[in-house]
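Engineer: Let me see the structure of the following:
(chains A and B)
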There are 2 protein chains.
Amino acid sequence: MPADVLILATRNEGKLRELARILGSHTKLVGLDAFPGAPDVPETGATFEANALLKARAIANYTKMPAVADDSGLCVDALNGMPGVLSARWAGRHGDDHANLELVLAQVADVPDARLGARFVAAAALVVPKGAEPEIETVVTGEVKGRLIRVPRGSGGFGYDPIFQPDGFDLTTAEMTPEAKDAISHRGRAFRALAPFIQGRLS
Amino acid sequence: MPADVLILATRNEGKLRELARILGSHTKLVGLDAFPGAPDVPETGATFEANALLKARAIANYTKMPAVADDSGLCVDALNGMPGVLSARWAGRHGDDHANLELVLAQVADVPDARLGARFVAAAALVVPKGAEPEIETVVTGEVKGRLIRVPRGSGGFGYDPIFQPDGFDLTTAEMTPEAKDAISHRGRAFRALAPFIQGRLS
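Structural biologist: You can find the predicted model right below:
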């Protein structure tokens, strides 16, 4: 095994590949599939930062290795910044992307176009354990501003991508290539902002 | 007909009775049932105040008589103050009280009890037309603070009443008598705050 091993608190292959691209080949990135007994951490924080830290702490404590976790969501102006930390369970059940997206569209059906501003926000946290206690905690955020469209477009991405059009683009994030989306995305920005901390603290 | 006639922009008998109790017998209160052709005003405002004014203006313009309208909703801390102006259509369809209430409960299922603070807010607007143009516009708000409970209780009231417990009470607003609820309710407070303006401007 290489000297620098980092756990990414996810079972999502896409996130693993994205962070691996950003960190380069110095760091060996391992997902939660390698830890079947890892705890499922309830996302009970009031902010993306709090949830990312909750997850990274739990996984660092469990694995005794440096861990990165992220939390992200869609913040709609006309919904006072919600779904926010509740993005994944907005329609009531966890992870029903289609129901979540359709609910947001129904909620803003009578909202004038001028108030359809929205942004995707991601927080990424690094926790490096030392002995039993977490020793170093870093959390950063990234965001991408844009607006909702009322009719979904595109089959890439996931979640709310088909109804989100970033400022300066005529495409939704579901119509972009993965590379184009990474370049401007909230999670891409958060992971890139965290990369120097990871590289500095693992070496 | 009495000299003082006021249109209340509602077809809801309960609201008519509540405002009539507050205003006393000097004012003849007429609901929208008396105006079958009155416009249905879309509630597109970003605030309760804006929506109450939109409705009162539209009805005053249509009837050429002084009009009162209200808008109200539930503001949940953990939802950044939403459902707010979208309270009546939170689950996607307008007026499905049961679906709206169940959706809020599902959204906050993982939210710790300490963040279940909530308040009911109402805005009440008076528009007195003079000729073709609205001449006097007054809008006031009332609120009642409390918290959400996770299991609905009570069969009175409507909307989110079964999951809202006002501060200082062990009952939900759906478990209170109509009179007890009026005494502390957001709409009761807003209507009472508006009453002196109504009495002063209709005389």
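
Engineer: On the three-state scheme, A:V85 is what?
Structural biologist: Of the three states, A:V85 takes helix under DSSP: H, G, I helix; E, B strand; the rest coil.

Engineer: any residues touching the worst-scoring helix or strand of chain A on mean pLDDT, and which ones?
Structural biologist: Lowest mean confidence among the helices and strands of chain A (mean pLDDT, DSSP states H and E): helix A:13-23, at a mean of 82. With C-beta atoms under 8 Å, 6 or more residues apart in numbering or on different chains as the test, helix A:13-23 has contacts from A:6, A:8, A:10, A:27, A:29, A:31, A:68, A:70, A:178, A:182, A:187-188, A:191-192, A:195, A:198-199. Glycine gets a C-beta too; all of them are placed from N, C-alpha and C.

Engineer: Those residues in helices, which ones?
Structural biologist: Mapping these onto helices (DSSP state H) picks out A:178, A:182, A:187-188, A:191-192, A:195, A:198-199.

Engineer: Quick one: buried ones out of those?
Structural biologist: Among these, the ones that count as buried by 16 or more other C-beta atoms under 10 Å in any protein chain shown are A:182, A:187-188, A:191-192, A:195, A:198.

Engineer: Output those in a markdown table; the columns should cover pLDDT and distance to chain B.
Structural biologist: A markdown table is the format used below for these (pLDDT from 0 to 100; distance: C-beta to the nearest C-beta, whole Å):
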| residue | pLDDT | distance to chain B |
| --- | --- | --- |
| A:D182 | 86 | 28 |
| A:R187 | 92 | 22 |
| A:G188 | 91 | 25 |
| A:F191 | 93 | 25 |
| A:R192 | 93 | 28 |
| A:A195 | 91 | 30 |
| A:I198 | 89 | 29 |
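
Engineer: need the residues of chain A near chain B, please.
Structural biologist: Taking C-beta under 8 Å from any C-beta of the partner chain as the measure of proximity, chain A contacts chain B at A:42-44, A:46, A:78-82, A:84, A:86, A:89-93, A:102-103, A:106-107, A:109-112, A:115.

Engineer: Tell me which of the residues you listed fall in strands.
Structural biologist: Secondary structure defined by DSSP state E assigns none of the residues of chain A next to chain B to strands.

Engineer: related to what we said a few turns ago, can you lay out the ones in helices among the contacts of helix A:13-23 as a markdown table showing distance to B:G154?
Structural biologist: A markdown table is the format used below for the ones in helices among the contacts of helix A:13-23 (distance: C-beta to C-beta, whole Å):
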| residue | distance to B:G154 |
| --- | --- |
| A:P178 | 51 |
| A:D182 | 51 |
| A:R187 | 44 |
| A:G188 | 49 |
| A:F191 | 48 |
| A:R192 | 52 |
| A:A195 | 54 |
| A:I198 | 53 |
| A:Q199 | 58 |
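
Engineer: in the sheet, who's paired with the residue sitting nearest the centre point of chain A?
Structural biologist: Ranked by distance to the mean C-alpha position of chain A (C-alpha atoms, centre = their mean), the top residue is A:S72 at 3.8 Å. As for beta bridges, A:S72 partners with A:A122 under DSSP bridges.

Engineer: What separation do you get for it and chain B?
Structural biologist: Here the distance between A:S72 and chain B works out to 16 Å (C-beta to the nearest C-beta, to the nearest Å).

Engineer: what does A:F120 give?
Structural biologist: A:F120 is 16 Å from chain B, by C-beta to the nearest C-beta.

Engineer: How many residues are close by the closest residue to A:V5 other than its chain neighbours?
Structural biologist: Computed as C-beta to C-beta, 6 or more residues apart in numbering or on different chains, the closest residue to A:V5 that is not its neighbour in sequence is A:K28, at 4.9 Å. Counted by other C-beta atoms under 10 Å in any protein chain shown, the residues lying close to A:K28 total 14.

Engineer: top strand in chain A by residue count?
Structural biologist: Assignment by DSSP E gives strand A:133-148 as the longest strand of chain A.

Engineer: what comes up buried for it?
Structural biologist: Per 16+ other C-beta under 10 Å, strand A:133-148 contains these buried residues: A:134, A:138-144, A:146-148.

Engineer: and the next element down the chain from that strand?
Structural biologist: On the C-terminal side of strand A:133-148, the nearest following helix or strand under DSSP states H and E is strand A:164-166.

Engineer: Note down every partner strand of that next one and its orientation.
Structural biologist: Strand A:164-166 pairs in its sheet with strand A:133-148 (antiparallel), by DSSP bridges.

Engineer: now, among the buried ones among the ones in helices among the contacts of helix A:13-23, which is nearest to A:A60?
Structural biologist: Nearest to A:A60 out of these is A:I198 (C-beta to C-beta; 12.8 Å).

Engineer: Isn't the closest one up against A:L6?
Structural biologist: Yes: using C-beta atoms under 8 Å as the test, A:I198 is close enough to A:L6 to be in contact (6.5 Å).

Engineer: Please enumerate the shared neighbours of these two.
Structural biologist: Common contact partners of A:I198 and A:L6 (C-beta under 8 Å, 6+ apart): A:23, A:27, A:66, A:68.

Engineer: quick one: which of those residues has the most company?
Structural biologist: Of the shared contacts of A:I198 and A:L6, with other C-beta under 10 Å as the count, A:V68 tops at 30 neighbours.

Engineer: and A:G95, how many neighbours?
Structural biologist: 11.

Engineer: phi, psi of it?
Structural biologist: Main-chain torsions, A:G95, degrees, to the nearest 10: phi 90, psi 10.

Engineer: residues contacting it?
Structural biologist: Listed by C-beta under 8 Å, 6+ apart, the contact set of A:G95 reads A:88-89.

Engineer: Over to A:H94?
Structural biologist: Taking C-beta under 8 Å, 6+ apart as the criterion, A:H94 is in contact with A:A88.
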